[in-house]
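Enquirer: have a look; sequence and predicted model below, questions after that.
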Amino acid sequence: MQNTPRARRLAVPLITVGLLAASFSTPAYAADPPPKKAPAKQQGKPKPKPMSRDQLRSCMDQQDRLTVMRENVLKEQTSLDQQRAEVKGMDAELERKRAALDPADAVAKQALQDEETRRNQLGETYNARLPILKEQGATLDRERQTWVERCADKDFDELDELAIKRERQRAAKDASAKTPAK
């Protein structure tokens, strides 16, 4: 081919078109990588099976025992609070009597000593009952914690619960019917 002016004129646009085509055909790199597919949802913990009727009955029985234990602890606490108030009242009364005591009155001194002896006996009784109450409270707390771990927030069938309550009502009704009236 000869180098003619016409060929030269065509060569420049052809080269330009070729370079443009080559620039479009090369892949353009994105600023961010392409988004990845979302990972498949992982299955959570498998749902625990609901408690059986026997397990539910056991939990309900333990809850009833805890209620009785709690009532007994509260009664004992109330009784001890009253006894403590009585001891404090006796202390105040004894202080008042000591201040008004005539040192020469032997009968009044003996009466005061008798009251102090009675107050000391009441205080000793209180002091003997207090550790027992603390132990009952600790036992109640341990039993309640065991119940929470074993029974609280566990799934159960409401129909089982209703059936157990009906069983209990029937048992209570049968027990009251068998008990002779006095």
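Expert: Great, that's in hand.

Enquirer: and the strand or helix carrying Ala92, what does it pack onto?
Expert: Ala92 is part of helix 53-100, with elements assigned from DSSP states H and E. Counting contacts by 3 or more Cβ pairs under 8 Å, 6 or more residues apart in numbering; DSSP states H and E, helix 53-100 is packed against helix 106-151, helix 158-178. No exception for glycine: its C-beta is placed from N, CA and C like everyone else's.

Enquirer: for the longest one, the averaged confidence score.
Expert: The predicted model gives helix 106-151 an average pLDDT of 94.

Enquirer: tell me which residue is most central in this structure.
Expert: Val148 (7.0 Å; Cα atoms, centre = their mean).

Enquirer: what are the neighbouring residues in contact with it?
Expert: Residues in contact with Val148 (Cβ atoms under 8 Å, 6 or more residues apart in numbering): none are found.

Enquirer: residue numbering should commence at 317 henceforth.
Expert: Okay, residue one is now 317; in that scheme the one you just asked about reads as Val464.

Enquirer: measure it to Asp377 for me?
Expert: Counting by Cβ to Cβ, to the nearest Å, the separation of Val464 from Asp377 is 15 Å.

Enquirer: any regions of this structure where pLDDT drops low?
Expert: 317-330, 333-351, 354-361, 496-498 (pLDDT under 70).

Enquirer: SS state for Pro366?
Expert: coil (DSSP: H, G, I helix; E, B strand; the rest coil).

Enquirer: these two touch, right, it and Asp473?
Expert: Yes: with contact defined as Cβ atoms under 8 Å, Pro366 reaches Asp473; the gap is 5.5 Å.

Enquirer: about what we covered before: just the helices and strands packed on helix 369-416: most buried one?
Expert: helix 422-467 (a mean of 12; mean count of other Cβ atoms under 10 Å).

Enquirer: now it and helix 369-416, what's the angle there?
Expert: Counting by axes from the mean of the first three to the mean of the last three Cα atoms, to 10 degrees, helix 422-467 lies at 160 degrees to helix 369-416.

Enquirer: can you give me the offset of helix 422-467 from its chain's centre?
Expert: 29 Å (Cα atoms, centre = their mean, to the nearest Å).

Enquirer: run a quick neighbour tally on the closest residue to Glu431 other than its chain neighbours.
Expert: By the measure of Cβ to Cβ, 6 or more residues apart in numbering, the closest residue to Glu431 outside its immediate chain neighbours is Leu410, 6.1 Å from it. By other Cβ atoms under 10 Å, the residues close to Leu410 number 15.

Enquirer: just checking, Leu410 touches Glu432?
Expert: Yes: Leu410 lies in contact with Glu432 (Cβ under 8 Å); the separation is 6.2 Å.

Enquirer: chain center to the helix holding Ala408: distance?
Expert: With Cα atoms, centre = their mean, you get 24 Å for helix 369-416.
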